[in-house]
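Peer 1: Dropping the sequence and predicted coords here.
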Amino acid sequence: MTRRKEFWAGEEGLRLAESWARDGEDDRAIARHMGVPERTLRRWRRALEELDEAIRRGRGAAWRVETALLDKATGYDKPVKKTFKVKFVDYDPETGKKVREREELQTAEEEVHVPGNTTAQVFWLKNRRPDRWRDKPGAPDALAEEDDNLFAALAEAVEREV
């Protein structure tokens with residue numbers, strides 16, 4: 001990549017820096033992508049408000065997604081507007097008899113708990129601690145599963161029955 005400060009202040013450079021930040025890259029990695037030392041990136045961020053803002057914006061987007069996934073996994077409370085019917089009855093003050101009835105729709109806000117989502121919990125755990133939460137703990141992800149000869153045993157059983 002180019003080392004020119006002007007490029008990173010331009011639209012394309014800002015878009016790249018923001019996307020790297022959104023991907024979770026730290027300043028060291030972003031500087032490496034730019035082809036400059038980390039201290040140069042820090043200096044450019046102080047001098048170029050647009051570059052600093054692009055990186056902050058990218059990190060903010062990643063943070064919002066991560067927070068939303070965590071909320072989905074753990075559950076959260078949210079306000080919900082509900083409409084309900086209210087019945088009013090008017091009585092004659094002298095006789096105590098009912099004079100009229102009327103109904104009115106009213107809206108109120110209620111706090112509702114949204115429970116945690118199991119799929120989001122599994123996703124969170126597997127990505128945060130793959131060493132502890134992979135489908136087959138103890139086996140490295142890169143190794144292929146062992147052949148347990150299931151298909152050979154099935155074929156042999158079918159042949160015996162024929």
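Peer 2: On my side now, so go ahead. Since this is a predicted model, take the numbers as computed values, not measurements.

Peer 1: average pLDDT across the longest helix anywhere in the chain?
Peer 2: Counting by DSSP state H, the longest helix found in the chain is helix 49-74. Per-residue pLDDT over helix 49-74 has a mean of 89.

Peer 1: Parallel or antiparallel, which strands does the helix or strand immediately after it in the chain pair with?
Peer 2: Under the assignment DSSP states H and E, the closest C-terminal helix or strand after helix 49-74 is strand 76-91. Strand partners for strand 76-91, identified by DSSP bridges, are recorded as strand 98-114 (antiparallel).

Peer 1: Just the C-alpha atoms of the strand it pairs with, please, in PDB.
Peer 2: Output of strand 98-114 as PDB, limited to C-alpha atoms (Å, rounded to 0.1, in the frame of the first residue of the first chain):
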ATOM      1  CA  LYS A  98     -75.300   3.800  36.300                       C
ATOM      2  CA  VAL A  99     -75.800   6.600  33.700                       C
ATOM      3  CA  ARG A 100     -73.500   5.500  31.000                       C
ATOM      4  CA  GLU A 101     -70.600   3.300  30.100                       C
ATOM      5  CA  ARG A 102     -67.800   4.100  27.600                       C
ATOM      6  CA  GLU A 103     -64.600   2.400  26.600                       C
ATOM      7  CA  GLU A 104     -61.400   4.100  25.600                       C
ATOM      8  CA  LEU A 105     -58.100   2.700  24.100                       C
ATOM      9  CA  GLN A 106     -55.000   3.800  26.000                       C
ATOM     10  CA  THR A 107     -51.400   3.100  25.400                       C
ATOM     11  CA  ALA A 108     -48.800   2.400  28.000                       C
ATOM     12  CA  GLU A 109     -45.200   1.300  28.000                       C
ATOM     13  CA  GLU A 110     -44.200  -2.000  29.800                       C
ATOM     14  CA  GLU A 111     -40.800  -3.500  30.400                       C
ATOM     15  CA  VAL A 112     -40.600  -7.000  28.800                       C
ATOM     16  CA  HIS A 113     -37.800  -9.500  29.300                       C
ATOM     17  CA  VAL A 114     -36.500 -11.100  26.100                       C
END
